[in-house]
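Trainee: Got a predicted structure here, sequence first:
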Amino acid sequence: MPARRAASSSCQSVVAVVLGVTFVAVPGLYFEFYLTGGYKVGPGTPQGHEVIQEAAKQVDLATSKVKLGHPPAPPPSPPVQAKEPVPEAPAIDSYVVQSQEVEAEPPVLKASEEPAPAAPGAYIEQIFAKNRECADQAMELGNLPTVQACDEVAATKLECGRYFMFSHAHPDWICRCCSLHGEEEGPASDQWNVYKAQVPRISGLPPEPPTAPPVDPFAGLPIAPGPRPQWLARKDALVIDARPEEHGGIVILQAVLSDSHSTWGNSKDAQRLEDRPDWLRAILATNRAHAKKHGHAMVLRAHPTEPQLTDWMIKDCGKKSLRVCAKVNERETYNWEKHLMMQDYLLSPQAFTHVLMLDADAALIQPQLDTLQRIAAILDKKGKDLFLTNEDWLDQNGEARINGGLMLAKNTQFTQNLFQDTFDAHVAGYNLLKKARIGTPVIRCTSNEQICLNDLYYGDTEHFTSKVIMASGKKYNRGAERGGEAHITDETTEIMQLDFP
């Protein structure tokens, strides 16, 4: 059939009759239009126009009556003109006519189509952190279909704080509540949101979960029995003192600070530190045995020194709570604890000849070798005060990069001043440390302690680099990854970082 585009509003009326509804313009709508008459005429011919216009008048009249509430009267037959005889009606022709796009008045919304306001007392979801998980999850609450259902169950659990996480896309992932203060700064996720609880906790439960009792941070660590020596700094604990004399000698320091990820604690139950990871127990036992065999002392620090946060760190945290700010900066503050320990024991009345600082995952792996006395001899031979190592075991670039996981300092005025300066520079932050004790004009340490040492090494040859050895990490501080563990029984490696976390 030939297609024609209707050129007048009369086609709109015809559509209204054919469809039986008020006309609404629809782009690209096609409909069949039937004509009966004496000739096979199309809508685009003069005769076709006459027939359509007459039909349109009748349809418009019928439509207006429908709008007024009157039933439409059947349209009268088209008038027969007497001037010309009407030939016999041919077979019915069907034409497909495309309607024009015409402006129509917008439909009037009925009252029932308007969004209904929330009923008084209806549950309203309150998102606390969009696209986030709880920083610390207290427990799983089950496969619950809605946020409200999750909230209602959380209100019955003693362990739950006043926030919970729910996934609209995956409710089958199990609703979970946050622990007390565990709602802030959780991992990013495009599937989860953290919600603020709206349902009051059930009668009999306290407004918030009870605070966990304090945990002994030395639980599960190999602490020496008996009275605590008075010479220990801060809240440190003694593992062994095998020095042949009451003063002097070498002391091994390790900081075992339980972080928010329980790296050095119990990842399954932070309240049970006595169940430390086996790898940590093995490392500490190895170093203890080494100290005993070669006549050294060994000290652990499990309490981070307060305040952990500097003023500039707090300012950088903006509106974050102090608890969240401490967590965000935890790795850096725990690393800086090593420099604080170095100054504590270099300035100790015990007058140690050398102080060794080791990361908690580092072990002296050659028991037959007195590694620390060997390093002390290297310092004396080269006239240096501080022994550091690089990261040549990682890649070629690592040859020029200091690793902060091992520092052995001869007890001199330079090393005593150095570790006071670096920690003071950390506290000063963006204000900078000026006129440092070691002679460096300005020291800035607003990142981790390893970067601070690298900046000094490459920035001040006169006051720092000239007094320091940067030795091969492959021998004295090798990482176990990338095949490093293959050298654990090889005398070419004397100290190894096992990197279990």
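Mentor: Alright, I've got the coordinates.

Trainee: Pop the domain breakdown of this protein in here.
Mentor: Domain segmentation of the chain under automatic domain parsing yields 3-104, 127-196, 237-497.

Trainee: So for residue 213, which of the ones you listed sits nearest?
Mentor: domain 237-497 (7.6 Å; Cβ to Cβ). Yep, even glycine has a C-beta here, placed from its N, CA and C like the rest.

Trainee: what about the closest one, average pLDDT?
Mentor: For domain 237-497, mean pLDDT is 92.

Trainee: List the contacts of the residue nearest to the spatial centre of the chain.
Mentor: Nearest to the mean C-alpha position of the chain, by Cα atoms, centre = their mean, lies residue 187 at 3.0 Å. Going by Cβ atoms under 8 Å, 6 or more residues apart in numbering, residue 187 touches 132-133, 135.

Trainee: ok, now with 10 Å
Mentor: 132-135 (Cβ atoms under 10 Å, 6 or more residues apart in numbering).

Trainee: what's the distance between it and residue 248?
Mentor: 49 Å (Cβ to Cβ, to the nearest Å).

Trainee: swap in residue 159?
Mentor: 52 Å.

Trainee: Equivalent analysis for residue 437, please.
Mentor: The value you get for residue 437 to residue 248, if Cβ to Cβ is used, is 24 Å.

Trainee: Looking at these two, which is more packed in?
Mentor: It is residue 437, of residue 437 and residue 248, that has more neighbours when counted by other Cβ atoms under 10 Å, with 17 against 14.

Trainee: Surely that one is in contact with residue 464?
Mentor: No - counting by Cβ atoms under 10 Å, residue 437 does not reach residue 464; the two are 11.7 Å apart.

Trainee: what touches both of the two?
Mentor: Common neighbours of residue 437 and residue 464 (Cβ under 10 Å, 6+ apart) are 414, 418, 421, 443.

Trainee: pretty sure the last one is in contact with residue 434, am I right?
Mentor: Yes - A contact is recorded between residue 443 and residue 434 when judged using Cβ under 10 Å, the distance being 8.2 Å.

Trainee: Residues that sit against both of these two, list them.
Mentor: 425, 428.

Trainee: Among these two, which residue is more densely surrounded?
Mentor: residue 443 (25 against 11).

Trainee: remind me which residues of the stretch 1-150 of the chain are low pLDDT?
Mentor: Within the stretch 1-150 of the chain, the segments meeting pLDDT under 70 span 1-120.

Trainee: can we see that at 80?
Mentor: 1-121 (pLDDT under 80).

Trainee: all helices for the stretch 151-300 of the chain, in order.
Mentor: 278-294 (DSSP state H, counting those that start in this stretch).

Trainee: now the chain
Mentor: For the chain, helices defined by DSSP state H occupy the ranges 10-19, 46-67, 147-154, 278-294, 311-316, 322-328, 330-346, 371-382, 413-428, 449-459, 473-476.

Trainee: picking that back up, got the domains of the chain as a markdown table, with distance to residue 223 columns?
Mentor: Converted to a markdown table, those look like this (distance: least, Cβ to Cβ, whole Å):
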| stretch | distance to residue 223 |
| --- | --- |
| domain 3-104 | 83 |
| domain 127-196 | 28 |
| domain 237-497 | 5 |
